[in-house]
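Asker: just the structure for this:
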Amino acid sequence: MLCVYFKQGVCEKGKKCKFSHDLTLDGKAAKMDVYTDPRDKNGKPEWRTDITCSNFIDAVEKGLYGWLWECPNGGDKCVYTHALPPGFVLNRDKKDLEKLAAEDDDEITLEEKIEEERANLPSEGLIPVTFESLTEWKKKKAERKQKELEEKVKEEAKKAGNKGTGVMSGRALFKYDPTLF
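Answerer: Down below sits the predicted model:
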């Protein structure tokens, strides 16, 4: 966190101040980078090992790691690295990843849904689609459509008042076949 007193130009603690004196920080708080060791400002010292500090990992797991965290294993003099190795997954994050993986396994894809529906269709007593069966179906559909249209014309004529004598109004004629006009 940025030191409020330093921002105003009146911090008297200097290097002993536990808050940041970096004015490039936006806002009141900045997250700590857990993948770089904050003690390595001028490069990694020769005496420090590549082994990650167990106290550091515990602090990160419990959410205690931050600007004011100090290693109980000697503070800045701890010989272990205070940074997570690249690709390291915390135990608290592993549970969330496992839940997401389990949810993804349960979810079926669109192709699987289509195949399930196709398997549920009846397979017996169906007519195979051939050229002949398709033309026959088209004829029946056209005949059915023509009958429906004739029935509508008769209904329109009855509504118009000519009692189905065959005389159609202009509106009924237009509905019957708009290409005539």
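
Asker: okay, CA-based contacts and neighbour counts for the rest of this
Answerer: OK.

Asker: continuing past the helix ranked longest in the chain, what's the next helix or strand?
Answerer: Secondary structure of the chain per DSSP state H: the longest helix is helix 131-160. Following helix 131-160 in sequence order, the next helix or strand is helix 170-176 (DSSP states H and E).

Asker: still on that earlier bit, quick one: buried residues of the longest helix of the chain?
Answerer: The neighbour-count check on helix 131-160 (16 or more other C-alpha atoms under 10 Å) flags 153-154, 156-158 as buried.

Asker: same question, stretch 9-29
Answerer: Neighbour count says stretch 9-29 has 19-21 buried, by 16+ other C-alpha under 10 Å.

Asker: ok, and what's touching it?
Answerer: Stretch 9-29 has contacts (C-alpha atoms under 8 Å, 6 or more residues apart in numbering) with 1-3, 5-7, 67-68.

Asker: what do you get if the cut-off is 10 Å, keeping everything else the same?
Answerer: 1-7, 30, 67-69 (C-alpha atoms under 10 Å, 6 or more residues apart in numbering).

Asker: quick check: the farthest pair among those?
Answerer: The distance between the two most remote of the contacts of stretch 9-29 (C-alpha to C-alpha) is 22.2 Å, for 7 and 69.

Asker: one step back: weed out the non-buried ones from the contacts of stretch 9-29.
Answerer: 1-3, 6.

Asker: if we can go back for a sec, show me what the longest helix of the chain is packed against.
Answerer: The contact analysis (3 or more C-alpha pairs under 10 Å, 6 or more residues apart in numbering; DSSP states H and E) places helix 131-160 against helix 170-176.

Asker: secondary structure element for residue 99?
Answerer: helix 91-106.

Asker: tell me the contacts of residue 173?
Answerer: By C-alpha under 10 Å, 6+ apart, the residues touching residue 173 are 153, 156-157, 167, 180-181.

Asker: please repeat the previous calculation with a cut-off of 6 Å.
Answerer: With contacts defined as C-alpha atoms under 6 Å, 6 or more residues apart in numbering, residue 173 has no neighbours.

Asker: any regions of the protein where pLDDT drops low?
Answerer: 25-32, 67, 102-106, 160-167 (pLDDT under 70).

Asker: coming back round to it: now distance to residue 146 and secondary structure too, for the buried residues of stretch 9-29, in TSV please.
Answerer: TSV is the format used below for those (distance: C-alpha to C-alpha, whole Å; DSSP: H, G, I helix; E, B strand; the rest coil):
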residue	distance to residue 146	secondary structure
19	86	coil
20	85	strand
21	87	coil
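
Asker: so what's residue 72 closest to, chain neighbours aside?
Answerer: Nearest residue to residue 72 in three dimensions, chain neighbours excluded: residue 55, at 7.1 Å (C-alpha to C-alpha, 6 or more residues apart in numbering).
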